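**Q** What shape does this take:
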Amino acid sequence: MLQPFLDRVLSADEEREAKEHLAGCDRCSRRYVFEEKLRMFVRQAAAHPMPPELKQRLSDLRIAL
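**A** Numbering: from 1, shown residues only. The predicted model follows:
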């Protein structure tokens, strides 16, 4: 349920259940914090255009399939 919870697509009952679980489960709570920070990092990284040099270097690393 973690990804749907992060996506905010759960029903009200499912969201309440997820919050209750996170409040009592250290492992899932840590995973939630990690996933939330990862999503924030990706949003911030996507907001900045990739420099042409980096784009070329990544393109050069591709392997033809």
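**Q** which residues of this structure score low on pLDDT?
**A** 64-65 (pLDDT under 70).
**Q** at 80 instead, please
**A** Applying pLDDT under 80 to the chain flags the ranges 63-65.
**Q** So which residues of it form strands?
**A** Counting by DSSP state E, one finds no strands in the chain.
**Q** And the residue nearest the centre of it?
**A** Arg39 (3.3 Å; C-alpha atoms, centre = their mean).
**Q** Test my guess that it contacts Leu6.
**A** Yes. Assessed by C-beta atoms under 8 Å, Arg39 is found in contact with Leu6 at 6.7 Å. Just so you know, the C-beta spots here come from the backbone N, C-alpha and C atoms, and that holds for glycine as well.
**Q** List of residues touching the lengthiest helix in the chain?
**A** When the chain is parsed with DSSP state H, its longest helix is helix 26-46. Helix 26-46 has contacts (C-beta atoms under 8 Å, 6 or more residues apart in numbering) with Leu2, Gln3, Phe5, Leu6, His21, Leu22, Ala23.
**Q** how many neighbours does Phe5 have?
**A** Residues lying near Phe5 (other C-beta atoms under 10 Å) number 19.
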